[in-house]
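Asks: Need coordinates for the below:
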Amino acid sequence: MSPVRAVLRAVLLAGTGIALLLGCSGGGGAGGDTATSRGTTVSATSPAGSAPTTEGSKPSAPPSPSTSPAPRPALLTIPAIGVEELRVVPYEGTTDDRAGTRIQSRGVAANPYGERGGVGPGEVGNYLVTAHRLSSGGPLRRLPDLDEGDSVLVTVGGAVHEYEITGTRKTSFRSARSLAEQRAAVPGFPGRRPTQAMITISTCLTLEDDAAGNFWRDENGNPEHRVDKIGVLTGTRTPEPD
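Replies: Numbers count the residues shown, from 1 in each chain. Have a look, this model is predicted:
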C-alpha cells in the first residue's frame, strides 16, 4: 500500500470512530432528551433513581431523623388557678392544629412535639401545652390569671417537674412571626438555641377578641388570639426507691 493510500485509510477509520461516539451520547432513550440536554447532570456513582443535580450545585442532604423518643403522657397541676392533674396527651404536630384541637375537645390538654412542635416534660427546649378555656369543660378557664412566680407541676413516669412562671405572651394566629415565636425552642426567640427546659401553656382569648369585635376564626374554630404563660424548670423530684 502506498503512503498516500495509508493516510487516507487512517482518516476514514478515525471519522467512523467519531461517528460511533456521537451516536452513543445523543440517543437519550425513549424520551429523546438526555440529562445534559436539559442542563442537568447525573453522577456516574449516583444510585439508580436518584434525582439529578443542577451543574455547579451540591445535592442537599436528606433530613436526619429525630432521635428523641416521643414524649409520654403527663399530668398537669397548677395550684394557683385550680388545675389538678389535667391529662396532657402528646402528639406529633404543632400548636392548635386539627389533631391538637381534637385532643383538646376531649377535655384534656395537648402536647405537640416533633419538627413543628416542642419537647417533652423536663427536656431542654419548649414544652408546649394547649387546652380549651371555654368549651370541653374549660380546663384552662383561669389561665389568664396565672402570675409570675406561680408554680406549675408536670408529673410523668413518677417524676415531678416543677416550672416557675416568668412571663406572658399574646399570640396571633394571623401572624406567622407571632406563631414562630410561640413555637420556638426558646419562647419568643425563633432560631435561638435552647439552654434550659421551658414551658408554654396556651389557651384562647375568645372572650377578649369578641369583646373587641374580632370574630375571626380559623378552620378549626380557634379565635385569632391566645394567651401564653411562659415558665422555666426550677427542679425535678423523683420518687425515692423503696
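Asks: Name the helix or strand of the protein that has the lowest mean pLDDT.
Replies: Lowest mean confidence among the helices and strands of the chain (mean pLDDT, DSSP states H and E): strand 40-41, at a mean of 31.
Asks: residues near residue 207, how many?
Replies: 13 (other CB atoms under 10 Å). Every residue, glycine included, has its C-beta placed from N, CA and C.
Asks: next one: residue 176
Replies: 9.
Asks: which ones are touching the spatially most central residue of the chain?
Replies: The centre of the chain sits closest to residue 116, judged by CA atoms, centre = their mean, with a distance of 1.7 Å. Each residue near residue 116 by CB atoms under 8 Å, 6 or more residues apart in numbering is listed here: 93-94, 183.
Asks: Can you tell me which of these end up in helices?
Replies: Mapping those onto helices (DSSP state H) picks out residue 183.
Asks: And the contacts of residue 116, which of them are buried?
Replies: Among the contacts of residue 116, those classed as buried by 16 or more other CB atoms under 10 Å are 93-94, 183.
Asks: Tabulate these (TSV), appending pLDDT.
Replies: Listed next are those as TSV, based on pLDDT from 0 to 100:
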residue	pLDDT
93	97
94	97
183	97
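Asks: possible to save those as JSON lines with distance to residue 215?
Replies: Formatted as JSON lines, the buried ones among the contacts of residue 116 follow (distance: CB to CB, whole Å):
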{"residue": "93", "distance to residue 215": "26"}
{"residue": "94", "distance to residue 215": "24"}
{"residue": "183", "distance to residue 215": "25"}
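Asks: Now do the same contact list for residue 233.
Replies: Counting by CB under 8 Å, 6+ apart, the residues that residue 233 touches are 122, 161-163, 196-199.
Asks: who touches the closest residue in space to residue 98 that isn't next to it in sequence in this structure?
Replies: Leaving aside its chain neighbours, residue 98 sits nearest to residue 220 (5.8 Å; criterion: CB to CB, 6 or more residues apart in numbering). The contact partners of residue 220, taken as CB under 8 Å, 6+ apart, are 96-98, 101.
Asks: What about these, which one has the most neighbours?
Replies: For those, the largest number of neighbours (other CB under 10 Å) sits with residue 96, at 25 neighbours.
Asks: List the residues that contact it.
Replies: 104, 130, 173, 202, 220, 222, 226.
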